[in-house]
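> Everything below, folded, please.
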Amino acid sequence: GGFNLRAAAALRAAMLPSAAIVDEEKARQERIKQCTQECVTEGLKQGSIFGSLALVGVLAANRYSASFRTALGVSGKTALVVSSFIGAFSFYSEQQMIKCSRRPHGK
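Numbers count the residues shown, from 1 in each chain. From the prediction side, this is the model:
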């Protein structure tokens with residue numbers, strides 16, 4: 001009777017992850033969360049800068065260039081601004097992800 005209970009408890013304990021493994025996994029998940037936050041923040045920051053510059057360029061071209069005004073519709077002009085934002089966001093968030101992945105775990 002008692003042997004089976006002890007064997008079952010030992011088997012159950014062996015099957016559960018150790019506290020060190022659980023702590024390591026929690027730390028890994030926290031690093032992933034922190035890196036993701038850094039990547040999104042950097043992407044939004046740089047995307048906003050490039051999107052703003054593109055917006056100024058499109059507004060200036062639309063005001064001072066008749067050929068620009070007639071060559072592109074509203075959707076084309078919007079695409080110029082949005083694509084610059086998305087391109088910068090993608091590039092800089094990826095660069096931040098690379099930096100984060102190369103950083104030692106304790107930092």
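> Low-confidence ranges, this protein, go.
Scanning the chain with the threshold set as pLDDT under 70 gives 1-3, 19, 105-107.
> Can you work out which other helices and strands pack against the longest helix anywhere in it?
Assignment by DSSP state H gives helix 19-64 as the longest helix of the chain. Contacts defined by 3 or more Cβ pairs under 8 Å, 6 or more residues apart in numbering; DSSP states H and E place helix 19-64 against helix 66-71, helix 74-102. For glycine as for every other residue, the C-beta is placed from the backbone atoms N, C-alpha and C.
> Out of these, which is the most enclosed?
helix 74-102 (a mean of 15; mean count of other Cβ atoms under 10 Å).
> could you give the angle of that one to helix 19-64?
With axes from the mean of the first three to the mean of the last three Cα atoms, to 10 degrees applied, the angle from helix 74-102 to helix 19-64 works out at 150 degrees.
> And Lys26, how close does it get to Lys33?
From Lys26 across to Lys33, the span is 11 Å (Cβ to Cβ, to the nearest Å).
> Overlap in contacts, the two.
Contact criterion Cβ atoms under 8 Å, 6 or more residues apart in numbering; no residue bridges Lys26 and Lys33 by contacting each.
> re earlier: could you export the helices and strands packed on helix 19-64 as JSON lines, including distance to Gly51?
Listed next are these as JSON lines, based on distance: least, Cβ to Cβ, whole Å:
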{"stretch": "helix 66-71", "distance to Gly51": "18"}
{"stretch": "helix 74-102", "distance to Gly51": "3"}
